[in-house]
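**Student:** I need the structure of the sequence given here:
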Amino acid sequence: RLGYEPGERDLVLMEHRVASALPDGTREERTASLVLFGEPKGFSAMARTVGSAAAVGAQLVARGGAEGAGRLPGGVHLPVHPAVFDAAMAELAKEGIRFQETTERFAAPAAAECA
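**Tutor:** Next up, the predicted model:
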């Protein structure tokens, strides 16, 4: 097992970038970034991100969704369903696991640029 020296800790870096071409011709780029350090005498950042996400997901399934976000009907659900995603992100934020999100819009390229 890999061990840490006294005072060392791990680091989780994650970034998602999604670029879209919108119907009006503009382009949009959304970025979600996470930087999380482990605790020198506590849980590693990897353990916190994996364990907390799994625990929150299990709690939401057991409760059937989140209060105010609507109940989930029976069956399997994608994690992007608002009753899952919004509630999960709120619970993870309470644990100090937060993504910083930005959105950038770009004008449509001029006709000459497309030729």
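**Student:** use CA for all of it now, contacts and neighbours both
**Tutor:** Noted.
**Student:** quick one: contacts for the most centrally placed residue in the chain?
**Tutor:** Centroid-nearest residue in the chain: residue 99, 5.8 Å away (criterion: Cα atoms, centre = their mean). Neighbour list for residue 99: 32, 33, 34, 35 [criterion: Cα atoms under 8 Å, 6 or more residues apart in numbering].
**Student:** mind redoing it with 6 Å?
**Tutor:** 32, 33, 34 (Cα atoms under 6 Å, 6 or more residues apart in numbering).
**Student:** which one of these sits closest to residue 45?
**Tutor:** Of all those, residue 34 has the smallest distance to residue 45: 11.0 Å, by Cα to Cα.
**Student:** ok, now how distant is that closest one from residue 21?
**Tutor:** Per Cα to Cα, to the nearest Å, residue 34 is found 25 Å from residue 21.
**Student:** How about residue 49?
**Tutor:** Between residue 49 and residue 21 the distance, using Cα to Cα, works out to 32 Å.
**Student:** Comparing the two, which shows the higher neighbour count?
**Tutor:** More neighbours surround residue 49 than the other of residue 49 and residue 21, with 18 against 13 (other Cα atoms under 10 Å).
**Student:** re the thing from before, now the residue nearest to the centre of the chain: closest residue in space, sequence neighbours ignored.
**Tutor:** Nearest residue to residue 99 in three dimensions, chain neighbours excluded: residue 34, at 4.8 Å (Cα to Cα, 6 or more residues apart in numbering).
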